[in-house]
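**Student:** Mind folding the following:
(one chain, ligands or ions: 2)
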Amino acid sequence: MNQRDPRYDILFEPVQIGPVTAKNRFYQVPHCNGMGYMRPNTLAAMRGIKAEGGWAVVCTEEVEIHANSDNGSAAEGRLWDDGDIPALAKMTEAVHEHGALAGIELVHGGYSNANNYSRIPPIAPSAISVNSYAPVQARAMTKADIRDFRKWHRQAALRAKEADFDLVYVYAGHSLTLLMHFLSRRFNHRTDEYGGSLENRVRLFREVLEDTKDAVGHRCAVAVRFAVDELLGPKGITSENEGREVVEMLAEIPDLWDVNISEWENDSATSRFEKEGYQEPYIDFVKSLTTKPVVGVGRYTSPDTMVSLIKRGVMDMIGAARPSIADPFLPKKIEEGRVDEIRECIGCNICVAGDWLSVPMRCTQNPTMGEEWRRGWHPERIEPRESDDGVLVVGGGPAGLECALALGKRGYRVILAEESEELGGRVSRESKLPGLAEWGRVRDHRVVMLEKLKNVTLYLGSSLSTEDILEFSADDKFGFSHVFLATGATWRRDGIARENREPIPGLEHVSVLTADDLMLGDSAHGKVVIFDDEHYYMGGVLAEKLRLDGHDVRLVTPAPDISTWTHNTMEQGHIQKKLLELGVELAPHHNLASVHPDAVELSCVFTDRRVRHACDTLVLVTERLPNDDLYRAMRADPEGIAKSGLKTIQCIGDCLAPGIIAAAVHSGHLAAREFEADAPGEVPFLRERVML
Ligand code: ADP
Ligand code: SF4
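**Tutor:** Ligands and ions are numbered 1, 2, ... in the order given. Okay, here's the model as predicted:
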């Protein structure tokens with residue numbers, strides 16, 4: 001084993017948190033995951049692996065304390081009564097097995113919950129509509145309601161202790177919590193002792209903190225999660241005024257301060273909008289006001305930055321949600337002197353999408369995320385090879401790189417052939433677009449790991465034809481018996497996608513470019529119209545790029561807003577704002593009906609009312625077609641295949657079905673795991689079923 005760099009020793013010092021001791025400074029802060037109360041086995045296995053990977057504290061997501069705070073179909077944690085204890089105890093057991101502390105983030109969502117499931121009218125400091133567009137209003141809490149809320153929180157804390165948690169949170173970390181609603185002048189218009197002055201608005205927070213300490217403080221540390229800045233300027237809490245004053249008022253009451261910024265989309269900002277450490281300027285004052293340990297987040301993946309944060313007195317423990325998802329073994333890798341092996345989070349928020357979609361989260365960088373229990377995948381371990389057969393992987397994009405890496409770790413002899421002079425495929429191309437540089441980490445991590453494997457050989461500048469593959473397969477030196485085709489996909493240039501199932505008429509009249517053309521260096525000229533019928537990031541990113549290049553740009557989409565799927569990655573608001581500020585003309589709710597010399601005709605998706613706009617270059621962001629020519633040519637030559645001795649040929653990644661990068665990585669990993677393994681069952685993974 002390598003030696004740990006002594007510079008990082010400070011990260012492995014224990015930290016006392018009230019009555020419990022964390023073995024080091026790595027702290028997995030609460031994070032949602034789309035597993036929650038619906039999938040307790042999935043959740044426990046995922047959290048257990050974080051503990052195994054060296055995180056000293058492993059926390060839950062938000063855990064509802066009562067049916068009065070019901071997140072509906074969202075798969076959050078739930079501790080409404082004693083019946084919910086066993087599911088959560090599974091997690092504490094998995095975490096304790098590896099010597100880590102388990103933390104629970106108790107929440108009442110106040111006016112953030114429409115209570116669609118429980119049908120109980122939501123509560124808030126003052127009467128107010130709920131924060132979704134649901135036709136539901138919260139009622140103003142009476143004194144009796146306040147007493148009830150305190151009682152529910154106390155009961156939940158006791159149940160958390162029963163479930164064997166070591167840290168219990170009092171949560172005011174996002175504007176989604178009742179305690180934050182009380183703190184906020186925007187939502188709290190009370191005239192009693194719980195409203196008005198900041199002292200009054202803090203009252204309930206203080207009371208609940210004291211209740212929790214009283215209930216469980218002898219056994220559990222009581223942590224606070226508090227958003228010191230809402231990024232709303234004078235309208236909200238800021239770190240210069242009330243955020244700071246709240247910390248001053250409560251400084252020594254909690255056993256730990258976990259501080260961040262609000263809303264969630266600011267807290268979990270993507271790399272497209274914020275870089276590592278973006279929260280530091282907001283939270284760096286906290287340590288000067290308390291002697292209690294302080295935790296902060298900022299997508300930290302660099303151990304040097306972590307050491308600097310500790311030494312500069314910004315925080316005592318390094319908080320991480322996404323970095324712990326991308327690499328559950330991040331602390332272990334630093335501890336064991338394997339810093340170069342850290343699989344760094346790329347800040348894409350595909351994990352967050354899992355929560356919004358109420359399915360177990362996935363991760364672009366870590367294909368085992370969410371598969372720990374249902375498929376038994378471990379991020380660091382994989383079944384050894386079943387035979388001495390050699391494998392050829394064609395294509396060095398995310399799917400090919402991941403497949404070669406996982407097969408290489410299994411011990412197979414692998415050849416990876418890539419036609420260009422650079423590995424990474426679409427990731428290398430896309431990471432050159434504005435804001436997406438960190439996405440290159442998908443390639444970088446895999447290249448570093450592949451270069452350590454003596455049984456994997458990489459060939460760049462190797463464009464393989466069917467003949468090449470058949471010929472090389474029988475070669476004495478290079479021979480292989482199995483082929484994985486990871487040859488990617490190509491953006492269509494006929495406009496076919498969701499809105500138009502036939503080619504768009506008139507495309508011959510203007511210069512048409514696809515996303516591939518632009519990424520490979522073609523230039524637009526004159527007035528540019530981008531038609532986005534794909535709806536993730538590409539249309540918006542190309543609009544940004546072309547506007548920055550100096551073009552007049554109009555972005556047209558049939559969807560209600562720009563890059564609409566990015567609501568799931570919490571980027572939509574940032575993207576639309578940025579494009580508007582850059583001066584991009586936006587045309588949501590419009591289809592591209594036809595193309596004419598120097599103009600496009602758009603149609604309203606509701607009324608079909610037509611409008612024309614000048615256009616010299618039309619950029620189509622619609623669908624992609626799999627690059628599966630090689631596959632089809634090989635399948636068309638069964639004799640050649642029989643003669644060559646090839647046993648299997650399989651498409652993976654975008655060449656199988658174009659999708660997001662996370663899907664390509666997962667596809668490559670899945671193929672490697674399933675290679676020469678027992679055939680999976682009809683449903684290829686375990687499910688958590690309701691027991692009748
Ligand atoms: P995925 O997302 O599925 O990994 P990409 O499009 O990112 O797909 O990567 C596909 C890679 O395959 C590209 O780097 C491309 O250059 C390479 N490639 C495509 N066809 C061939 C071929 N015939 N021989 C070698 N490499 C190929
Ligand atoms: Fe990071 Fe993206 Fe993985 Fe989330 S999905 S942990 S943002 S790499």
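**Student:** How about the contacts made by Asp164?
**Tutor:** The contact partners of Asp164, taken as CB atoms under 8 Å, 6 or more residues apart in numbering, are Ala89, Thr92, Glu93, His96, Ala102. In this view, the C-beta of every residue, glycine as well, is placed from N, C-alpha and C.
**Student:** and Trp257, what are its phi and psi?
**Tutor:** phi -110, psi 120 (degrees, to the nearest 10).
**Student:** Please name the residues that touch it.
**Tutor:** Contacts of Trp257 by CB under 8 Å, 6+ apart are Ala223, Val224, Phe226, Val247, Val286, Thr290, Lys292, Pro293, Val294, Val295.
**Student:** Next: Ala22.
**Tutor:** Residues in contact with Ala22 (CB under 8 Å, 6+ apart) are Pro14, Val15, Gln16, Ala56, Val57, Leu101, Met317.
**Student:** Look up how far Gly461 lies from it.
**Tutor:** Distance, Ala22 to Gly461, using CB to CB, to the nearest Å: 50 Å.
**Student:** do Gly109 as well
**Tutor:** Gly109 is 55 Å from Gly461, by CB to CB.
**Student:** Equivalent analysis for Trp55, please.
**Tutor:** Note on Trp55: its distance to Gly461, by CB to CB, is 42 Å.
**Student:** Over to Arg201?
**Tutor:** Arg201 is 65 Å from Gly461, by CB to CB.
**Student:** can you check Pro323 too?
**Tutor:** Between Pro323 and Gly461 the distance is 35 Å, computed by CB to CB.
**Student:** roughly how far is stretch 664-673 from the heart of the chain?
**Tutor:** Between the centre of stretch 664-673 and the centre of its chain there are 18 Å (CA atoms, centre = their mean, to the nearest Å).
**Student:** Contacts (any at all) between ligand 1 and that stretch?
**Tutor:** Yes - Stretch 664-673 lies within reach of ligand 1 by CB under 6 Å from any ligand atom, at Ala664.
**Student:** So what touches that stretch?
**Tutor:** Contacts with stretch 664-673, where a contact means CB under 8 Å, 6+ apart, come from 362, 364-365, 367-368, 375, 377, 382-383, 397-407, 410, 426, 442, 484, 486, 650, 652-654, 656-657.
**Student:** Report the contact partners of Ile382.
**Tutor:** The neighbours of Ile382, taking CB under 8 Å, 6+ apart as the test, are Ala406, Lys409, Arg410, Ala672, Arg673.
**Student:** what's the spacing between Glu242 and Arg186?
**Tutor:** According to CB to CB, Glu242 and Arg186 sit 12 Å apart.
**Student:** Common neighbours of these two, please.
**Tutor:** Residues touching both Glu242 and Arg186 by CB under 8 Å, 6+ apart: none at all.
**Student:** For whichever residue of the stretch 151-300 of the chain sits closest to ligand 2, report the pLDDT, please.
**Tutor:** Here the stretch 151-300 of the chain gets closest to ligand 2 at one residue, Thr270, 7.0 Å apart by CB to the nearest ligand atom. As predicted, Thr270 sits at a pLDDT of 97.
**Student:** tell me the SS of it?
**Tutor:** With DSSP: H, G, I helix; E, B strand; the rest coil as the basis, Thr270 sits in coil.
**Student:** my read is Arg154 is in a helix, agree?
**Tutor:** Yes - counting by three-state DSSP, Arg154 is located in a helix.
**Student:** So it is in contact with Gly217, correct?
**Tutor:** No - counting by CB atoms under 8 Å, Arg154 sits too far from Gly217 to count as a contact (11.6 Å).
**Student:** what residue ranges in the chain score low on pLDDT?
**Tutor:** Applying pLDDT under 70 to the chain flags residues 1.
**Student:** Alongside ligand 2, which residues does it contribute?
**Tutor:** Counting by CB under 6 Å from any ligand atom, the chain sits next to ligand 2 at 322, 325-326, 345-351, 363-365.
**Student:** quick one, domains of this structure?
**Tutor:** With automatic domain parsing as the criterion, the domains of the chain are listed as 6-357, 390-488+627-674, 492-623.
**Student:** Let me see the contact set for Glu274.
**Tutor:** Glu274 is in contact with Arg299, Gly347, counting by CB under 8 Å, 6+ apart.
**Student:** for it, phi and psi?
**Tutor:** Main-chain dihedrals, Glu274, degrees, to the nearest 10: phi -140, psi 150.
**Student:** do the one 10 residues further on as well
**Tutor:** Per-residue torsions, Asp284: phi -70, psi -10 (degrees, to the nearest 10).
**Student:** my read: it touches Val314, true?
**Tutor:** Yes - using CB under 8 Å, Asp284 is in contact with Val314, at 5.0 Å.
**Student:** can you map out the strands along the stretch 1-150 of the chain?
**Tutor:** Shown for the stretch 1-150 of the chain, the strands assigned by DSSP state E, counting those that start in this stretch span residues 15-17, 20-22, 26-28, 57-64, 77-78, 101-107, 123-124, 128-129, 137-140.
**Student:** Present those strands as TSV; the columns should include distance to ligand 1.
**Tutor:** Output for the strands of the stretch 1-150 of the chain, formatted as TSV (distance: least, CB to the nearest ligand atom, whole Å):
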stretch	distance to ligand 1
strand 15-17	41
strand 20-22	39
strand 26-28	29
strand 57-64	30
strand 77-78	34
strand 101-107	36
strand 123-124	46
strand 128-129	43
strand 137-140	45
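**Student:** Among the ones you listed, single out whichever gets nearest to Glu263.
**Tutor:** Nearest to Glu263, of all these, is strand 57-64, at 13.8 Å by CB to CB.
**Student:** Tell me the strands beside the closest one, with direction?
**Tutor:** Strand 57-64 sits in its sheet next to strand 26-28 (parallel), strand 77-78 (parallel), strand 101-107 (parallel), going by DSSP bridges.
**Student:** tell me the secondary structure for Leu625?
**Tutor:** strand.
**Student:** And the contacts of stretch 679-692?
**Tutor:** For stretch 679-692, the external contacting residues (CB under 8 Å, 6+ apart) are Met38, Arg39, Pro40, Asn41, Thr42, Glu371, Trp373, Arg374, Arg375, Glu674.
**Student:** If any of those residues are buried, put those into a PyMOL selection.
**Tutor:** In PyMOL syntax, the buried subset of the contacts of stretch 679-692 is picked out as below (16 or more other CB atoms under 10 Å):
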select buried, resi 38+39+40+41+42+371+373+374+375
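**Student:** List just the nearest of the contacts of stretch 679-692 to ligand 2.
**Tutor:** For the contacts of stretch 679-692, with ligand 2 as the reference and CB to the nearest ligand atom as the criterion, the closest is Glu371, at 13.5 Å.
**Student:** Neighbours of Tyr447, how many?
**Tutor:** I think there's a mix-up here, since residue 447 is Val and not Tyr. Per other CB atoms under 10 Å, the neighbour tally for Val447 reads 15.
**Student:** Would you report the backbone torsion angles of it?
**Tutor:** Per-residue torsions, Val447: phi -70, psi -40 (degrees, to the nearest 10).
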